[in-house]
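A.B. asks: sequence and predicted structure below; questions after.
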Amino acid sequence: MNNFVMCKKLLASTVLAVCISTPAFADDRFFIEGSVGAGFGIFDELEFVNPAGVPFTTNNTSGNQILLTQIDDVDVSFNGKVGIGYFVHEKVFMRASYTHLGRYETSGYADFGLGGNFRQDLEVSAHSFMAEAGYHQPVTDSLFLEVNGGAGLALVDIEGKQGRNLGEDNYFPDNDDVTWAVNVGGAVGHRISEQGSIVVSGGYTFVGDVETGVTTGGESQRGAGINAGEQLKSHLDTAHVMIGFRYQF
């Protein structure tokens with residue numbers, strides 16, 4: 001009987017100890033955070049559709065495309081992110097986030113011999129709204145590691161210019177698009193107070209296909225600098241490195 005009473009006391013003591021040790025986590029399950037840093041736009045090729053121009057270029061061609069040369073397909077931009085999250089478990093969290101993925105440009109050249117070597121510029125401004133899930137692993141009392149992944153929408157504003165290197169004013173119709181996007185990432189954090197942490201993060205976002213509108217032939221102030229049926233196409237992904245602050249409450 002004494003052993004039974006002692007077991008009950010031990011069990012009660014254990015439950016009490018757990019209850020005492022966990023209220024900080026229970027009280028600090030929600031968090032908000034903000035980060036800034038550098039983004040890297042990575043374009044997969046740059047396609048120049050120009051059915052009327054294919055017979056006149058000195059570039060290689062494929063069907064109705066002119067294969068561009070001297071392609072610059074990586075760019076750097078400012079990145080920023082804000083999010084709000086909730087720890088569903090001591091080591092598992094959910095987060096809703098908005099990220100300014102950055103403004104990126106890729107370019108390439110289409111040579112028409114005596115007609116000139118026209119640079120094609122594709123500019124993309126991208127934003128994302130994500131639902132994310134992550135794993136939080138404490139390393140010490142103040143240091144922690146995280147990995148995360150998410151899915152959501154990317155909002156992209158796409159512009160195209162042609163012949164700026166030659167003083168031309170040709171342009172492609174703008175195109176605003178919404179695409180499905182996914183991201184993966186990781187972070188290292190340092191807790192500087194009971195509720196505040198400095199977080200250094202890195203990640204990769206798969207944005208998707210980006211393309212301008214198709215020209216009608218009148219996209220030039222001089223009225224004769226661009227053919228009908230022209231279009232720029234590419235595929236954009238972004239990587240980022242950011243530093244930010246997280247506040248738990």
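C.D. replies: Arrived safely. Residues are numbered from 1 along each chain as shown.
A.B. asks: what are the ranges of the strands in this protein?
C.D. replies: In the chain, the strands defined using DSSP state E lie at 30-49, 61-62, 65-66, 69-72, 74-89, 92-111, 117-138, 143-162, 170-191, 196-211, 231-248.
A.B. asks: wait, which of those is closest to Gly218?
C.D. replies: strand 170-191 (10.3 Å; Cβ to Cβ). Any C-beta I mention is one placed from the backbone N, CA and C, and that applies to glycine too.
A.B. asks: once you drop chain neighbours, what's closest to Asp28?
C.D. replies: Nearest residue to Asp28 in three dimensions, chain neighbours excluded: Gln248, at 4.0 Å (Cβ to Cβ, 6 or more residues apart in numbering).
A.B. asks: likewise for Glu211?
C.D. replies: Looking at Glu211 with Cβ to Cβ, 6+ apart, the closest residue is Lys233, at 4.2 Å.
A.B. asks: so who does Glu132 touch?
C.D. replies: 83, 85, 94-97, 148-150, 183 (Cβ atoms under 8 Å, 6 or more residues apart in numbering).
A.B. asks: out of these, which is nearest to Gly244?
C.D. replies: The closest of these, once distances to Gly244 are taken by Cβ to Cβ, is Gly83, at 9.2 Å.
A.B. asks: so how many other residues sit close to the closest residue to the closest one other than its chain neighbours?
C.D. replies: Leaving aside its chain neighbours, Gly83 sits nearest to Ser97 (3.6 Å; criterion: Cβ to Cβ, 6+ apart). A count of nearby residues for Ser97, using other Cβ atoms under 10 Å, gives 20.
A.B. asks: make JSON lines out of the contacts of Glu132 and add pLDDT and distance to Gly63.
C.D. replies: JSON lines is the format used below for the contacts of Glu132 (pLDDT from 0 to 100; distance: Cβ to Cβ, whole Å):
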{"residue": "Gly83", "pLDDT": "98", "distance to Gly63": "44"}
{"residue": "Gly85", "pLDDT": "98", "distance to Gly63": "48"}
{"residue": "Met94", "pLDDT": "98", "distance to Gly63": "46"}
{"residue": "Arg95", "pLDDT": "98", "distance to Gly63": "44"}
{"residue": "Ala96", "pLDDT": "98", "distance to Gly63": "43"}
{"residue": "Ser97", "pLDDT": "98", "distance to Gly63": "40"}
{"residue": "Asn148", "pLDDT": "98", "distance to Gly63": "41"}
{"residue": "Gly149", "pLDDT": "98", "distance to Gly63": "37"}
{"residue": "Gly150", "pLDDT": "98", "distance to Gly63": "37"}
{"residue": "Asn183", "pLDDT": "98", "distance to Gly63": "34"}
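A.B. asks: show me how to select, in PyMOL, the buried members of those.
C.D. replies: Buried residues within the contacts of Glu132, by 16 or more other Cβ atoms under 10 Å, are selected in PyMOL with:
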select buried, resi 83+85+95+97+148+150+183
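A.B. asks: so which of the contacts of Glu132 comes closest to Phe172?
C.D. replies: Nearest to Phe172 among the contacts of Glu132, counting by Cβ to Cβ, is Asn183 at 28.2 Å.
A.B. asks: these two touch, right, the closest one and Val147?
C.D. replies: No. Taking contacts as Cβ atoms under 8 Å, Asn183 lies outside contact range of Val147: 11.6 Å.
A.B. asks: hmm, Val182 and Ala151 touching each other?
C.D. replies: Yes. Using Cβ under 8 Å, Ala151 is in contact with Val182, at 4.8 Å.
A.B. asks: before we move on, the earlier item: list the contacts of the residue nearest to Glu211.
C.D. replies: 46-47, 49, 209-212.
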